[in-house]
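Visitor: model this:
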Amino acid sequence: MKDLFIKGGPTFMGILTILLIITTAWIIYHFVVGYNSKQANQEKFIRRIEYGKSMGLFALVTGICGQMIGLSGMFHSIEEVVKNGIEINTALVFGGIKVTMICTIYGILIYLLSLVLWFVSSLILEKKLHIK
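Guide: Presented below is the predicted three-dimensional model:
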């Protein structure tokens, strides 16, 4: 895992990890508060849990942005090498594309986790609160 973190680029992987922690904590916190609350207006807790889904989507977009920046850097390096008359091996190009996909896959996993947490917590809260 540490190897993938470093290969994916510590900057974007670090940002995505922070987003993972914030998103998970946000959904769990608002689920616990909403589940234990005795307030009459319970719908605001479900709405706040939905914000966690948006945070997960932001992580997905951040992962895609990390991939685009990585691809841009890779293409720039290839362009510089080709200008010097050196041929590029296709395995090298595909290896670079594989490495740039690490951020996107991590962002997708964070988004999927946020969707699962949102779905389960919303379902439990709605059952408890009898909101249809």
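
Visitor: C-alpha only now, for contacts and for neighbours.
Guide: Will do.

Visitor: residues contacting Ile108?
Guide: By Cα atoms under 8 Å, 6 or more residues apart in numbering, Ile108 lies in contact with Ala59, Leu60, Gly63.

Visitor: ok, the second one to Lys53 distance?
Guide: Counting by Cα to Cα, to the nearest Å, the gap between Leu60 and Lys53 amounts to 11 Å.

Visitor: now swap in Ile102 and tell me
Guide: In terms of Cα to Cα, Ile102 sits 21 Å off from Lys53.

Visitor: Who has more neighbours out of the two?
Guide: Lys53 (25 against 22; other Cα atoms under 10 Å).

Visitor: If I look at Gln67, what pLDDT would I see?
Guide: pLDDT for Gln67: 95.

Visitor: Oh, that last question was meant for Lys132, not what I typed.
Guide: Reported pLDDT for Lys132: 47.

Visitor: Kindly report the same for Leu4.
Guide: 87.

Visitor: element containing it?
Guide: Leu4 is part of helix 2-7, with elements assigned from DSSP states H and E.
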